[in-house]
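Colleague: Sequence and predicted model, in that order:
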Amino acid sequence: MSSVAGTVAKTTQPPSDTPTFLDAVPFSRIGLLLITLGYAPAILMHFWNLWSKEQYQYFPFVIAAFVYLLYTRFQQGNPPVPTRGTSLVGRYGIILAWILLATATLFQSAWLAAVSLNCLLATVLASIAQVRHVKNLWGIWFLLWLLIPLPLGVDTRVIVRLQIFSSYLSSEILDMLSVDHLMFGNVLQLPGQQFFVDEACSGIVSILAVIACGAIYGVWLNRSPIHLLLLIAAGAVWAISLNVARICWVAIAHAWWNADLSTGRPHEMLGLFLFVMTFVALVSTDRILAFLLNPIPVSDGEERRNEVNRLVALWNVVIRFGDPSHPSTRISQSSMTKSLPSKTRFGQRRLGLPVTFAMMGAISVVPIFFATQTAVGSMQTANSFGEDFLPVQLNGLVLTDFEQMHRPAQHELGEYSKVYQYTDPDSGLKYFVSIDFPFSGGWHELCVCYKNTGWNLQKRNARFPSVAEDVEWPIVTGGFKRNHEFGYVAFSNFNADGDSLSPPNDLIFWRPWRRLRRRMLKTVSSRVFQVQVWVSNDQPLTEQNEEMADDLLLVVRERFRARFQSY
């Protein structure tokens with residue numbers, strides 16, 4: 001008995017020449033260091049951008065899950081199964097990664113650099129697959145795409161629409177429960193209290209956080225691709241449902257028990273409870289999907305005689321496609337060392353390619369350094385504006401309120417806003433004067449921002465009034481409508497030196513061009529400041545109302561710009 005056990009132990013222990021994790025990486029240590037230096041500036045900026053958006057603050061858990069699953073499953077791996085697809089990824093993945101990083105360096109796009117890094121890691125994983133069969137390797141790689149927001153601001157538009165949808169569902173449920181309320185866009189008005197639904201799709205029950213949780217859970221359990229996609233879709237539905245529940249609970253607690261669950265510790269506890277409920281619902285959904293997505297058993301005899309029903313065969317093919325748990329062939333342990341990737345191609349003897357990665361990293365740091373130097377003084381000037389900067393009475397209007405707003409970095413409305421509320425003593429109409437900053441990449445088209453928040457643009461005009469001899473400072477105006485509300489905005493842009501900016505043509509409304517233009521002008525126009533006057537009413541605005549907004553902008557924008565030019 002002991003001899004049998006000893007024989008089994010000897011056969012199950014890996015041979016001494018089994019490759020380590022670093023052996024599987026197709027770069028030398030020096031090559032890895034150079035590539036890391038090449039990606040570091042852009043990836044750190046990408047992570048900073050993610051952290052500045054509350055709905056993406058789950059990303060450290062995704063990174064931890066990727067590292068843990070890859071390392072542990074590499075240690076538990078078996079001899080590999082060589083495939084042509086894996087070798088193609090290893091051959092062309094690094095070329096694609098280099099091209100994407102070069103493009104990211106040219107346009108200073110941290111997002112594109114992150115995509116490039118994912119392509120490079122695909123090359124590394126393809127190399128690992130040649131020396132060790134890691135279970136669900138490409139499912140683990142899929143987790144990295146949770147760190148890449150949807151391009152062209154699609155994620156922001158989706159979040160805004162989900163907020164509006166959550167607000168609508170919540171309002172319908174509150175009507176059924178006879179809770180007195182009014183819902184204006186994302187503002188919930190209760191008797192004596194006003195709540196914002198800005199956080200309905202962010203925070204601890206963020207729909208993106210639940211999607212990430214479902215993806216990690218599915219990859220950990222080695223679910224098939226179709227199972228994983230359905231689980232992610234179910235997670236999105238559960239997240240929306242429980243966010244609606246959170247809005248309703250906040251309203252009900254205030255209406256029935258006069259309790260405030262919108263801020264502080266009660267709000268955090270409510271969010272944590274709903275997150276736990278979301279995860280329980282996600283696990284239950286996974287169990288249901290595991291039952292429903294089982295392949296239909298087929299005997300070996302039926303399969304050999306080709307007597308399997310075609311629908312059954314098709315179902316089994318679809319369900320088993322990419323299933324990590326489906327049995328596959330193995331090659332002998334001796335062949336494992338023969339398929340070790342050659343480091344001489346990228347690393348130990350040839351460092352040319354890693355050096356070019358490092359050079360691109362160094363190039364990407366230069367514009368960031370100079371942009372930081374020029375931005376310090378202008379930001380200090382803009383942050384110095386206080387309530388007393390504008391007069392109490394201006395153009396027949398009276399200053400009635402002042403607010404300083406601080407949003408996440410790179411917010412589409414600017415990280416900072418100084419908002420002065422002027423009221424018409426005759427009509428009671430409120431005009432909001434705001435300086436918003438900083439923006440980068442040239443002209444900031446405010447009409448696009450209002451469109452993204454649900455306003456429908458009815459008209460847009462650009463005028464070039466003279467502010468001095470042979471000097472024109474353009475002003476852009478826009479008329480909006482949303483449900484039964486009417487709005488009007490007049491705005492202008494200037495740079496950190498106080499020089500006016502000119503608005504581009506209507507092509508600025510095409511999202512791909514707007515993003516590309518911003519990238520191209522990011523270095524030459526790293527800090528842009530915006531002055532706007534906004535007025536809205538439940539009745540159509542008159543020409544006099546619009547002229548008042550225009551005149552108010554002409555006065556206040558010169559005051560703001562003069563302060564910049566005096567420094």
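Modeller: Sure, I can see it. Treat the numbers as computed from the prediction; the structure is a model and nothing was measured.
Colleague: Could you list the low-confidence segments of the stretch 451-567 of the chain?
Modeller: Applying pLDDT under 70 to the stretch 451-567 of the chain flags residues 466-471, 509, 511-526, 565-567.
Colleague: the helices in it, which residues?
Modeller: For the stretch 451-567 of the chain, the helices defined by DSSP state H, counting those that start in this stretch occupy 511-520, 543-565.
Colleague: How about the stretch 51-200 of the chain?
Modeller: Counting by DSSP H, counting those that start in this stretch, the stretch 51-200 of the chain has helices at residues 59-75, 84-107, 110-131, 137-142, 154-176.
Colleague: now the stretch 251-400 of the chain
Modeller: Assigned by DSSP H, counting those that start in this stretch, the stretch 251-400 of the chain shows helices spanning 264-292, 300-304, 310-320, 334-338, 352-383.
Colleague: Can you point out the buried residues in the first one?
Modeller: If you call a residue buried by 16 or more other Cβ atoms under 10 Å, then helix 264-292 has these buried ones: 267, 270-271, 273-275, 278-279, 281-282, 285-286, 289. For the C-beta atoms, the positions are set from N, CA and C on the backbone; glycine is no exception.
Colleague: Name the member of the residues you listed with the shortest distance to W534.
Modeller: Of all the buried residues of helix 264-292, H267 has the smallest distance to W534: 29.2 Å, by Cβ to Cβ.
Colleague: and the helices of the stretch 251-400 of the chain, which one's lowest on average pLDDT?
Modeller: Here the lowest mean pLDDT among the helices of the stretch 251-400 of the chain goes to helix 334-338, at a mean of 39.
Colleague: Reformat the buried residues of helix 264-292 into CSV and put distance to R557 next to each item.
Modeller: Formatted as CSV, the buried residues of helix 264-292 follow (distance: Cβ to Cβ, whole Å):
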residue, distance to R557
H267, 39
L270, 43
G271, 41
F273, 48
L274, 45
F275, 45
T278, 47
F279, 50
A281, 51
L282, 51
T285, 54
D286, 56
L289, 57
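Colleague: of the residues you listed, closest to L22?
Modeller: The closest of the buried residues of helix 264-292, once distances to L22 are taken by Cβ to Cβ, is D286, at 34.9 Å.
Colleague: tally of neighbours for the residue nearest to the closest one when sequence neighbours are not counted?
Modeller: Of all residues beyond its chain neighbours, the one nearest D286 is L231 (5.7 Å), with distances taken as Cβ to Cβ, 6 or more residues apart in numbering. When neighbours are counted by other Cβ atoms under 10 Å, L231 registers 24.
Colleague: how close does L231 sit to I207?
Modeller: 14 Å (Cβ to Cβ, to the nearest Å).
Colleague: ok, now A245?
Modeller: 14 Å.
Colleague: The two: who's more crowded?
Modeller: Shown here are A245 and I207; by other Cβ under 10 Å, I207 has more neighbours (24 against 20).
Colleague: So what's the residue count around the closest residue to the more buried one other than its chain neighbours?
Modeller: Nearest residue to I207 in three dimensions, chain neighbours excluded: A239, at 4.1 Å (Cβ to Cβ, 6+ apart). Counted with other Cβ under 10 Å, residues neighbouring A239 total 28.
Colleague: tell me the contacts of A239?
Modeller: For A239, the contacting residues are V205, S206, I207, A209, V210, I211, T278, by Cβ atoms under 8 Å, 6 or more residues apart in numbering.
Colleague: Just the ones of the residues you listed in helices?
Modeller: I207, A209, V210, I211, T278 (DSSP state H).
Colleague: right, and the pair among these with maximum separation?
Modeller: Pairwise distances among those were taken by Cβ to Cβ; the largest, 10.9 Å, belongs to I211 and T278.
Colleague: and for these two, which residues touch both?
Modeller: Looking at what touches both I211 and T278 (by Cβ under 8 Å, 6+ apart), the common residues are G235, A239.
Colleague: returning to what we had before: dump the contacts of A239 into CSV; add distance to L146 as well.
Modeller: Below are the contacts of A239 laid out as CSV (distance: Cβ to Cβ, whole Å):
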residue, distance to L146
V205, 17
S206, 12
I207, 12
A209, 10
V210, 11
I211, 7
T278, 17
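Colleague: all strands for the stretch 401-550 of the chain, in order.
Modeller: Assigned by DSSP state E, counting those that start in this stretch, the strands in the stretch 401-550 of the chain fall at 416-423, 430-439, 456-463, 466-468, 471-472, 475-482, 485-495, 528-537.
Colleague: any chance of those in CSV, plus mean neighbour count and distance to N383?
Modeller: Compiled in CSV, those are given as follows (neighbours: other Cβ atoms under 10 Å; distance: least, Cβ to Cβ, whole Å):
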stretch, mean neighbour count, distance to N383
strand 416-423, 20, 7
strand 430-439, 22, 9
strand 456-463, 13, 29
strand 466-468, 10, 25
strand 471-472, 10, 27
strand 475-482, 19, 25
strand 485-495, 22, 16
strand 528-537, 23, 11
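Colleague: wait, which of those strands is closest to L100?
Modeller: Smallest distance to L100 across these (Cβ to Cβ): 25.8 Å, for strand 430-439.
Colleague: Sheet partners, orientation included, of the closest one?
Modeller: Here strand 430-439 is paired, per DSSP bridges, with strand 416-423 (antiparallel), strand 528-537 (antiparallel).
Colleague: Identify the residues contacting it?
Modeller: By Cβ under 8 Å, 6+ apart, strand 430-439 touches 375, 378-379, 382, 385, 390, 397, 400, 413-424, 493, 527-535, 548-549, 552-553, 556, 560.
Colleague: Quick check, pLDDT for N306.
Modeller: Looking at N306, the pLDDT reads 63.
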